[in-house]
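>>> kindly generate the corresponding structure for this input.
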Amino acid sequence: MKTLQGKILAVNISPKKGEKKNNIECGLFLENLGLENDAHAEADIIRQVSLLAKESIEKIRAKGLDVSYGDFAENLTTEGIDLPSLPIGTRLKVGGKVLLEVSQIGKVCHNRCNIFYTVGDCVMPREGIFVKVLTGGEIKVNDPIEIAE
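Numbering: from 1, shown residues only. Here you go, the predicted structure:
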């Protein structure tokens, strides 16, 4: 059975694409844009915000690599929901207000990014998901994230 609810472990941001992100604890997610001041925040693209589960990060840690939340350039690090199993179009409610819609599962990495060279592997192309922001608002660490009915 799929878990329908989890929580946010980190809200991560970076000024440049293809690099690790830093946890800012709380971020403003803008409708049809993404996380304010993040390199990936662009209108009308399907990959406005990226999510990666702690469970995916743990697979890389099990290989002996010392990785942290944000190291795979994910905007939101989650726990408790099997993100890669969610179909495109699934809506996720975060905190009390923010509504996200799954727009892509995984991605193709044409060039090895800084993350791959720094960490030695990148789980994002296999298990990360991307969403569009349908309803904006603040998301902070420990906010609940759930599949919207």
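>>> what about the strands in this structure?
Here the chain has its strands, by DSSP state E, at 5-13, 22-23, 26-30, 34-35, 49-53, 76-79, 91-94, 98-105, 129-135, 137-140, 144-147.
>>> let me have the ones you listed in TSV, extended by mean pLDDT.
Listed next are these as TSV, based on pLDDT from 0 to 100:
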stretch	mean pLDDT
strand 5-13	97
strand 22-23	96
strand 26-30	97
strand 34-35	96
strand 49-53	95
strand 76-79	98
strand 91-94	97
strand 98-105	96
strand 129-135	96
strand 137-140	98
strand 144-147	97
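>>> let me have these in TSV, adding mean neighbour count and distance to Val123 as columns.
C-beta: built from backbone N, CA, C; applies to glycine. Formatted as TSV, the strands of the chain follow (neighbours: other CB atoms under 10 Å; distance: least, CB to CB, whole Å):
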stretch	mean neighbour count	distance to Val123
strand 5-13	21	15
strand 22-23	15	18
strand 26-30	19	22
strand 34-35	26	20
strand 49-53	25	7
strand 76-79	24	12
strand 91-94	22	19
strand 98-105	19	13
strand 129-135	22	12
strand 137-140	17	21
strand 144-147	17	19
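>>> how about a markdown table for those, with distance to Ser68 added?
As requested, the strands of the chain are arranged in a markdown table below (distance: least, CB to CB, whole Å):
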| stretch | distance to Ser68 |
| --- | --- |
| strand 5-13 | 8 |
| strand 22-23 | 8 |
| strand 26-30 | 17 |
| strand 34-35 | 18 |
| strand 49-53 | 12 |
| strand 76-79 | 9 |
| strand 91-94 | 21 |
| strand 98-105 | 23 |
| strand 129-135 | 19 |
| strand 137-140 | 18 |
| strand 144-147 | 19 |
